[in-house]
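**Q** Starting from these lines, generate the structure:
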Amino acid sequence: MANEQLRAATELAMASWSYIQKKNQKSLGLPYFKSIFARSSDIAQIFADRFDMSRDDCTQALERHADMIFKHLEQALLAIDAPHLMQSRMEILGRQHTFRGVLPEHVDVFGAALLDVLAEEMGPMWSDDLRE
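**A** Here you go, the predicted structure:
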């Protein structure tokens, strides 16, 4: 990707994230995980092993976990021009998730679920450019 294309994609991603923050990103947590679990029974089982899905406080735990995910996503967006700043943090997160049973092929599921939830939340502001 050329520098101009990267710059345009970065600006689009930052503007989209700003829009989501204004709309209350906390509302994305539970739909995000529901989308993940619908896409992958393997991932649903990883979370079932960690969270008691039958308890009411499970929803709160998933929302807190989603909040952490969205904070990491925001940090990654802010450091998009300096990926070396995020490298060590991403390596730590990768090891933690590998320990829990997350596999490399699960990353696509997480990404697709995130895009689905963002598309739903952004409504008419969503575009194919954002998906890319």
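**Q** wait, doesn't residue 36 sit right on residue 43?
**A** Yes - counting by Cβ atoms under 8 Å, residue 36 touches residue 43, with 5.5 Å between them. Glycine gets a C-beta too; all of them are placed from N, C-alpha and C.
**Q** Neighbour count: those two, which is higher?
**A** residue 36 (23 against 20; other Cβ atoms under 10 Å).
**Q** Find the nearest non-adjacent residue to the more buried one, please.
**A** Leaving aside its chain neighbours, residue 36 sits nearest to residue 113 (4.5 Å; criterion: Cβ to Cβ, 6 or more residues apart in numbering).
**Q** Strands along this structure, start to end?
**A** Counting by DSSP state E, the chain has no strands at all.
**Q** Spell out the residue ranges of the helices in it.
**A** 3-23, 29-39, 41-50, 57-78, 84-100, 106-122, 128-131 (DSSP state H).
**Q** can you put those helices in a markdown table and add mean pLDDT?
**A** Formatted as a markdown table, these follow (pLDDT from 0 to 100):
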| stretch | mean pLDDT |
| --- | --- |
| helix 3-23 | 75 |
| helix 29-39 | 88 |
| helix 41-50 | 84 |
| helix 57-78 | 81 |
| helix 84-100 | 83 |
| helix 106-122 | 87 |
| helix 128-131 | 74 |
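**Q** Single out the most deeply packed of those helices.
**A** Neighbour counts (mean count of other Cβ atoms under 10 Å) averaged over each of the helices of the chain peak at helix 29-39, with a mean of 19.
**Q** relative orientation of that helix and helix 106-122 in degrees?
**A** Here the directions of helix 29-39 and helix 106-122 differ by 130 degrees (axes from the mean of the first three to the mean of the last three Cα atoms, to 10 degrees).
**Q** Name the surrounding residues that touch helix 29-39.
**A** 43-44, 47, 59, 62-67, 69-70, 109-110, 112-114, 116-117, 120 (Cβ atoms under 8 Å, 6 or more residues apart in numbering).
**Q** what do you get if the cut-off is 6 Å, keeping everything else the same?
**A** The contact list for helix 29-39 (Cβ atoms under 6 Å, 6 or more residues apart in numbering) reads 43-44, 62-63, 66, 109, 113, 116-117.
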